[in-house]
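K.L.:
Could you look at this predicted model? Sequence included:
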Amino acid sequence: MTDQSGTAPSMSALSVSHIFKSYEGGPDILRDFSLNVAPGSFCVVLGASGSGKSTLLKCIAGLTPVNAGDIFLHGAPLARKRLQAVGMVHQDYGLSDRLTTAQNVMSGVAARLSWWRVALQIYPKAIQSKACALLDQVGLTEDHANRQAGQLSGGQKQRVGIARALMSDPGLILADEPVASLDPKSSTETMELLKRAAKERGAAVLCSLHQIDLAKSYADRIIGLNDGQIVFDGPPDALSRDAVQSIFNIASGASVVRREVA
Ligand SMILES: Nc1ncnc2c1ncn2[C@@H]1O[C@H](COP(=O)(O)OP(=O)(O)OP(=O)(O)O)[C@@H](O)[C@H]1O
Ligand SMILES: [Mg+2]
(Lines give C-alpha, C1' and ligand atoms only; values in the text may rest on other atoms or scores of the structure.)
(Ligands and ions follow the chains in the order given, each with its own letter.)
Protein backbone atom coordinates (compact mmCIF):
# COMPACT_ATOMS: atom_id res chain seq x y z
CA MET A 1 0.00 0.00 0.00
CA THR A 2 1.41 3.36 -1.03
CA ASP A 3 1.91 5.95 1.66
CA GLN A 4 -0.53 8.79 0.88
CA SER A 5 1.13 11.49 3.00
CA GLY A 6 3.27 12.68 0.10
CA THR A 7 5.85 13.75 2.66
CA ALA A 8 9.47 12.66 2.83
CA PRO A 9 10.26 10.96 6.16
CA SER A 10 12.69 13.73 7.12
CA MET A 11 9.96 16.38 6.62
CA SER A 12 7.22 14.41 8.40
CA ALA A 13 5.77 15.30 11.78
CA LEU A 14 5.92 11.55 12.38
CA SER A 15 7.78 8.83 10.54
CA VAL A 16 7.29 5.21 11.57
CA SER A 17 9.77 3.02 9.73
CA HIS A 18 9.48 -0.77 9.50
CA ILE A 19 8.49 -1.38 13.10
CA PHE A 20 7.74 -4.80 14.56
CA LYS A 21 5.81 -5.16 17.79
CA SER A 22 4.78 -8.22 19.77
CA TYR A 23 3.94 -8.67 23.45
CA GLU A 24 6.00 -11.10 25.56
CA GLY A 25 6.89 -13.55 22.82
CA GLY A 26 3.38 -13.57 21.35
CA PRO A 27 2.55 -13.05 17.68
CA ASP A 28 3.45 -9.83 15.87
CA ILE A 29 0.72 -7.24 16.40
CA LEU A 30 2.54 -4.84 14.03
CA ARG A 31 4.72 -6.44 11.38
CA ASP A 32 7.06 -4.32 9.23
CA PHE A 33 4.71 -1.36 9.75
CA SER A 34 5.58 2.02 8.19
CA LEU A 35 3.73 5.34 8.15
CA ASN A 36 4.55 9.02 7.51
CA VAL A 37 2.31 11.79 8.85
CA ALA A 38 2.62 15.26 7.32
CA PRO A 39 2.86 18.32 9.60
CA GLY A 40 -0.58 19.74 10.42
CA SER A 41 -2.58 16.82 9.05
CA PHE A 42 -5.45 15.14 10.90
CA CYS A 43 -5.04 11.40 10.40
CA VAL A 44 -7.55 8.89 11.71
CA VAL A 45 -6.48 5.30 12.28
CA LEU A 46 -9.72 3.41 11.66
CA GLY A 47 -9.97 -0.21 12.69
CA ALA A 48 -11.94 -2.86 14.53
CA SER A 49 -11.30 -3.89 18.11
CA GLY A 50 -8.01 -5.78 18.30
CA SER A 51 -6.66 -4.44 15.00
CA GLY A 52 -3.68 -2.83 16.76
CA LYS A 53 -4.67 0.84 17.01
CA SER A 54 -3.71 1.28 20.67
CA THR A 55 -0.54 -0.73 20.19
CA LEU A 56 0.53 1.58 17.37
CA LEU A 57 -0.17 4.74 19.37
CA LYS A 58 1.52 3.34 22.49
CA CYS A 59 4.65 2.52 20.47
CA ILE A 60 4.74 6.08 19.10
CA ALA A 61 4.14 7.55 22.56
CA GLY A 62 6.96 5.40 23.95
CA LEU A 63 4.59 3.66 26.36
CA THR A 64 5.63 0.24 25.08
CA PRO A 65 8.90 -0.67 23.32
CA VAL A 66 9.06 -1.81 19.71
CA ASN A 67 10.95 -5.03 18.89
CA ALA A 68 12.54 -3.50 15.80
CA GLY A 69 12.29 -0.49 13.52
CA ASP A 70 12.55 3.26 14.01
CA ILE A 71 10.26 6.12 14.93
CA PHE A 72 11.17 9.72 14.10
CA LEU A 73 9.48 12.95 15.15
CA HIS A 74 10.20 15.89 12.88
CA GLY A 75 13.19 13.95 11.57
CA ALA A 76 14.76 13.22 14.97
CA PRO A 77 14.75 9.85 16.76
CA LEU A 78 11.77 9.48 19.07
CA ALA A 79 13.76 9.03 22.28
CA ARG A 80 15.26 12.52 22.12
CA LYS A 81 12.15 14.42 21.04
CA ARG A 82 9.24 12.66 22.72
CA LEU A 83 8.85 14.75 25.86
CA GLN A 84 8.71 17.99 23.95
CA ALA A 85 6.95 16.88 20.83
CA VAL A 86 4.06 14.54 21.68
CA GLY A 87 0.81 15.12 23.54
CA MET A 88 -1.44 12.17 24.30
CA VAL A 89 -5.22 12.02 24.78
CA HIS A 90 -6.55 8.78 26.27
CA GLN A 91 -9.86 6.94 25.87
CA ASP A 92 -10.34 6.71 29.64
CA TYR A 93 -9.06 10.31 30.12
CA GLY A 94 -6.07 9.16 32.21
CA LEU A 95 -6.69 11.86 34.83
CA SER A 96 -5.86 11.71 38.49
CA ASP A 97 -9.25 12.05 40.18
CA ARG A 98 -7.78 13.27 43.47
CA LEU A 99 -5.99 16.21 41.79
CA THR A 100 -7.78 19.35 40.70
CA THR A 101 -8.57 19.95 37.07
CA ALA A 102 -5.83 22.60 36.86
CA GLN A 103 -3.27 20.28 38.47
CA ASN A 104 -4.11 17.58 35.93
CA VAL A 105 -3.55 20.03 33.09
CA MET A 106 -0.22 21.23 34.54
CA SER A 107 0.93 17.60 34.81
CA GLY A 108 1.24 17.74 31.02
CA VAL A 109 4.66 19.34 31.52
CA ALA A 110 5.62 17.44 34.69
CA ALA A 111 8.47 15.67 32.88
CA ARG A 112 10.19 19.02 32.33
CA LEU A 113 10.05 20.10 35.99
CA SER A 114 11.94 19.23 39.19
CA TRP A 115 10.49 16.18 40.94
CA TRP A 116 9.70 18.19 44.08
CA ARG A 117 7.53 20.66 42.18
CA VAL A 118 5.41 17.79 40.89
CA ALA A 119 5.37 15.96 44.24
CA LEU A 120 4.28 19.11 46.10
CA GLN A 121 2.14 20.41 43.23
CA ILE A 122 4.04 23.72 43.26
CA TYR A 123 4.09 24.88 39.66
CA PRO A 124 5.76 28.05 38.33
CA LYS A 125 3.43 31.00 37.72
CA ALA A 126 3.89 30.82 33.95
CA ILE A 127 2.71 27.20 33.92
CA GLN A 128 -0.28 28.03 36.10
CA SER A 129 -1.23 30.86 33.73
CA LYS A 130 -0.84 28.62 30.69
CA ALA A 131 -3.05 25.92 32.25
CA CYS A 132 -5.75 28.52 33.00
CA ALA A 133 -5.60 29.83 29.44
CA LEU A 134 -5.87 26.32 28.02
CA LEU A 135 -8.81 25.46 30.27
CA ASP A 136 -10.53 28.59 29.00
CA GLN A 137 -9.80 27.55 25.41
CA VAL A 138 -11.38 24.13 25.93
CA GLY A 139 -14.47 25.74 27.44
CA LEU A 140 -13.94 25.12 31.16
CA THR A 141 -14.30 27.78 33.85
CA GLU A 142 -12.29 28.74 36.94
CA ASP A 143 -14.81 26.77 38.98
CA HIS A 144 -13.98 23.64 36.97
CA ALA A 145 -10.26 24.37 37.34
CA ASN A 146 -10.40 24.19 41.12
CA ARG A 147 -12.64 21.11 41.36
CA GLN A 148 -11.27 17.59 41.69
CA ALA A 149 -11.19 15.97 38.28
CA GLY A 150 -13.25 13.05 39.58
CA GLN A 151 -16.23 15.41 39.91
CA LEU A 152 -16.35 16.27 36.20
CA SER A 153 -18.55 14.69 33.53
CA GLY A 154 -16.97 12.48 30.85
CA GLY A 155 -17.09 15.26 28.25
CA GLN A 156 -15.51 17.71 30.68
CA LYS A 157 -12.82 15.16 31.60
CA GLN A 158 -11.87 14.75 27.97
CA ARG A 159 -11.61 18.54 27.62
CA VAL A 160 -9.13 18.40 30.49
CA GLY A 161 -7.30 15.58 28.70
CA ILE A 162 -6.98 17.72 25.59
CA ALA A 163 -5.80 20.76 27.58
CA ARG A 164 -3.17 18.60 29.28
CA ALA A 165 -1.97 17.27 25.92
CA LEU A 166 -1.60 20.85 24.66
CA MET A 167 0.49 22.03 27.65
CA SER A 168 3.78 20.98 26.03
CA ASP A 169 2.99 22.71 22.67
CA PRO A 170 3.25 19.37 20.87
CA GLY A 171 3.93 19.09 17.16
CA LEU A 172 2.08 15.76 17.25
CA ILE A 173 -1.06 14.88 19.21
CA LEU A 174 -1.88 11.21 19.68
CA ALA A 175 -5.51 10.49 20.59
CA ASP A 176 -6.47 6.89 21.32
CA GLU A 177 -10.24 6.50 20.86
CA PRO A 178 -10.80 9.88 22.55
CA VAL A 179 -14.59 9.69 22.26
CA ALA A 180 -15.22 6.00 22.94
CA SER A 181 -16.67 6.73 26.39
CA LEU A 182 -18.75 9.75 25.35
CA ASP A 183 -22.32 10.26 24.11
CA PRO A 184 -22.84 11.45 20.52
CA LYS A 185 -23.09 15.18 21.38
CA SER A 186 -19.98 15.15 23.58
CA SER A 187 -18.19 13.06 20.93
CA THR A 188 -18.83 15.67 18.25
CA GLU A 189 -17.81 18.52 20.56
CA THR A 190 -14.62 16.71 21.54
CA MET A 191 -13.64 15.95 17.95
CA GLU A 192 -14.36 19.59 16.97
CA LEU A 193 -12.21 20.80 19.84
CA LEU A 194 -9.35 18.47 19.01
CA LYS A 195 -9.40 19.45 15.36
CA ARG A 196 -9.58 23.18 16.07
CA ALA A 197 -6.86 23.11 18.75
CA ALA A 198 -4.50 21.17 16.48
CA LYS A 199 -5.17 23.43 13.50
CA GLU A 200 -4.56 26.61 15.50
CA ARG A 201 -1.16 25.25 16.56
CA GLY A 202 -0.22 23.60 13.27
CA ALA A 203 0.04 20.27 15.10
CA ALA A 204 -0.46 16.93 13.37
CA VAL A 205 -2.99 14.52 14.88
CA LEU A 206 -3.00 10.74 14.82
CA CYS A 207 -6.36 9.71 16.25
CA SER A 208 -7.65 6.16 16.51
CA LEU A 209 -11.38 5.57 16.04
CA HIS A 210 -13.71 2.74 15.19
CA GLN A 211 -16.61 5.01 14.16
CA ILE A 212 -16.72 5.35 10.37
CA ASP A 213 -18.93 8.46 10.41
CA LEU A 214 -16.61 10.38 12.75
CA ALA A 215 -13.57 9.36 10.73
CA LYS A 216 -15.19 10.65 7.54
CA SER A 217 -16.26 13.91 9.20
CA TYR A 218 -12.97 14.90 10.80
CA ALA A 219 -10.05 13.20 9.05
CA ASP A 220 -7.95 14.71 6.27
CA ARG A 221 -6.61 11.21 5.82
CA ILE A 222 -7.90 7.82 6.94
CA ILE A 223 -5.56 4.92 7.61
CA GLY A 224 -7.52 1.66 7.70
CA LEU A 225 -5.96 -0.95 9.96
CA ASN A 226 -6.81 -4.65 9.90
CA ASP A 227 -4.77 -7.13 11.90
CA GLY A 228 -1.87 -4.68 12.16
CA GLN A 229 -1.74 -4.04 8.41
CA ILE A 230 -2.67 -0.87 6.52
CA VAL A 231 -5.47 -1.95 4.18
CA PHE A 232 -6.61 1.57 3.22
CA ASP A 233 -4.78 4.90 3.10
CA GLY A 234 -6.45 7.90 1.58
CA PRO A 235 -8.80 10.87 1.97
CA PRO A 236 -12.30 10.36 3.47
CA ASP A 237 -13.96 10.67 0.07
CA ALA A 238 -12.05 7.65 -1.14
CA LEU A 239 -13.33 5.43 1.69
CA SER A 240 -15.57 3.19 -0.38
CA ARG A 241 -17.86 0.43 0.80
CA ASP A 242 -15.23 -2.09 -0.30
CA ALA A 243 -12.60 -0.28 1.75
CA VAL A 244 -14.81 -0.38 4.85
CA GLN A 245 -15.43 -4.08 4.30
CA SER A 246 -11.71 -4.73 4.09
CA ILE A 247 -11.02 -2.72 7.26
CA PHE A 248 -13.75 -4.32 9.35
CA ASN A 249 -14.02 -7.76 7.70
CA ILE A 250 -17.69 -7.04 7.02
CA ALA A 251 -19.49 -9.45 4.73
CA SER A 252 -20.64 -7.89 1.48
CA GLY A 253 -24.12 -6.27 1.81
CA ALA A 254 -24.18 -6.10 5.61
CA SER A 255 -26.44 -3.29 6.87
CA VAL A 256 -23.76 -1.41 8.83
CA VAL A 257 -21.99 -0.67 5.57
CA ARG A 258 -25.08 0.73 3.87
CA ARG A 259 -25.94 2.88 6.86
CA GLU A 260 -22.55 4.41 7.58
CA VAL A 261 -20.97 4.75 4.16
CA ALA A 262 -22.55 7.23 1.77
N1 LIG B 1 -0.31 -5.67 27.01
C2 LIG B 1 -0.65 -6.61 26.13
N3 LIG B 1 -0.20 -7.88 26.26
C4 LIG B 1 -0.50 -8.83 25.36
N5 LIG B 1 -1.26 -8.63 24.27
C6 LIG B 1 -1.76 -7.40 24.08
C7 LIG B 1 -1.47 -6.33 24.99
N8 LIG B 1 -2.10 -5.21 24.54
C9 LIG B 1 -2.73 -5.57 23.40
N10 LIG B 1 -2.52 -6.87 23.13
C11 LIG B 1 -3.06 -7.60 21.98
O12 LIG B 1 -2.69 -6.88 20.80
C13 LIG B 1 -3.76 -6.92 19.85
C14 LIG B 1 -4.10 -5.51 19.44
O15 LIG B 1 -4.60 -4.86 20.59
P16 LIG B 1 -4.87 -3.30 20.62
O17 LIG B 1 -5.27 -2.95 22.00
O18 LIG B 1 -3.70 -2.62 20.04
O19 LIG B 1 -6.10 -3.19 19.62
P20 LIG B 1 -7.10 -1.97 19.36
O21 LIG B 1 -7.24 -1.85 17.89
O22 LIG B 1 -6.65 -0.79 20.12
O23 LIG B 1 -8.47 -2.53 19.97
P24 LIG B 1 -9.68 -1.72 20.69
O25 LIG B 1 -10.47 -1.06 19.58
O26 LIG B 1 -10.48 -2.81 21.36
O27 LIG B 1 -9.09 -0.74 21.65
C28 LIG B 1 -4.89 -7.70 20.49
O29 LIG B 1 -4.86 -9.02 20.02
C30 LIG B 1 -4.57 -7.64 21.97
O31 LIG B 1 -5.04 -8.78 22.63
MG1 LIG C 1 -7.49 0.38 21.61
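P.N.:
Arrived safely, thanks for sending. Numbers count the residues shown, from 1 in each chain. Ligands and ions are numbered 1, 2, ... in the order given.
K.L.:
so where's the stretch 151-262 of the chain shaky on pLDDT?
P.N.:
252-262 (pLDDT under 70).
K.L.:
Quick one: the strands in it, in order.
P.N.:
Secondary structure of the stretch 151-262 of the chain by DSSP state E, counting those that start in this stretch: the strands cover 172-176, 204-209, 221-226, 229-234.
K.L.:
so who does whatever residue of the stretch 101-250 of the chain ends up closest to ligand 1 touch?
P.N.:
Using Cβ to the nearest ligand atom, the closest approach of the stretch 101-250 of the chain to ligand 1 is made by H210 at 5.6 Å. Any C-beta I mention is one placed from the backbone N, CA and C, and that applies to glycine too. Counting by Cβ atoms under 8 Å, 6 or more residues apart in numbering, H210 makes contact with 46-49, 53, 177, 180.
K.L.:
Could you rerun that using 7 Å?
P.N.:
46-49 (Cβ atoms under 7 Å, 6 or more residues apart in numbering).
K.L.:
next one: S186
P.N.:
Counting by Cβ under 7 Å, 6+ apart, S186 makes contact with 154-155.
K.L.:
give me that answer again for 8 Å
P.N.:
153-155, 158, 179.
K.L.:
Give me the buried entries from these.
P.N.:
With neighbours counted by 16 or more other Cβ atoms under 10 Å, those contain buried members at 154-155, 158, 179.
K.L.:
Export those residues as CSV, with columns for distance to A13.
P.N.:
Output for the buried ones among the contacts of S186, formatted as CSV (distance: Cβ to Cβ, whole Å):
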residue, distance to A13
G154, 29
G155, 27
Q158, 23
V179, 22
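K.L.:
Give me the distance between A175 and D28.
P.N.:
24 Å (Cβ to Cβ, to the nearest Å).
K.L.:
Which residue of the two possesses the greater neighbour count?
P.N.:
Neighbour tally, A175 and D28, criterion other Cβ atoms under 10 Å: the higher count belongs to A175, 28 against 16.
K.L.:
Just to check, the more buried one is in contact with V205?
P.N.:
Yes. Contact criterion Cβ atoms under 8 Å: A175 and V205 qualify, at 6.4 Å.
K.L.:
Go through the contacts of H210 and name the one nearest ligand 2.
P.N.:
Nearest to ligand 2 out of the contacts of H210 is S49 (Cβ to the ion; 7.3 Å).
K.L.:
Now do the phi/psi pair for that closest one.
P.N.:
As for S49, its main-chain torsions (degrees, to the nearest 10) stand at phi -60, psi 130.
K.L.:
tell me the contacts of it?
P.N.:
H210.
K.L.:
I'd like to know how far it sits from V179.
P.N.:
To V179, S49 is 15 Å away according to Cβ to Cβ.
K.L.:
Tell me which helix or strand the closest residue to ligand 2 within the chain sits in.
P.N.:
Relative to ligand 2, the nearest point of the chain is S54 (3.1 Å; Cβ to the ion). Using DSSP states H and E, S54 sits within helix 53-61.
K.L.:
Are that helix and ligand 1 in contact anywhere?
P.N.:
Yes. Contact of helix 53-61 with ligand 1 (Cβ under 6 Å from any ligand atom) involves 53-55.
K.L.:
quick one: which of those has the most company?
P.N.:
Busiest of the residues of helix 53-61 next to ligand 1 [other Cβ under 10 Å] is K53, holding 24 neighbours.
K.L.:
Show the model's pLDDT score for that residue.
P.N.:
K53 carries a pLDDT score of 97 in this model.
K.L.:
Now it: closest residue in space, sequence neighbours ignored.
P.N.:
S208 (3.7 Å; Cβ to Cβ, 6 or more residues apart in numbering).
K.L.:
Tell me the residues of the chain that contact ligand 1?
P.N.:
By Cβ under 6 Å from any ligand atom, the residues of the chain that approach ligand 1 are 23, 26, 29, 47, 49-55, 210.
K.L.:
With distance to M11 as added columns, please give those in TSV.
P.N.:
Shown next, in TSV, are those (distance: Cβ to Cβ, whole Å):
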residue	distance to M11
Y23	32
G26	35
I29	28
G47	26
S49	34
G50	33
S51	28
G52	26
K53	25
S54	27
T55	26
H210	30
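K.L.:
show me the contacts for T55.
P.N.:
21, 29-30, 64, 228.
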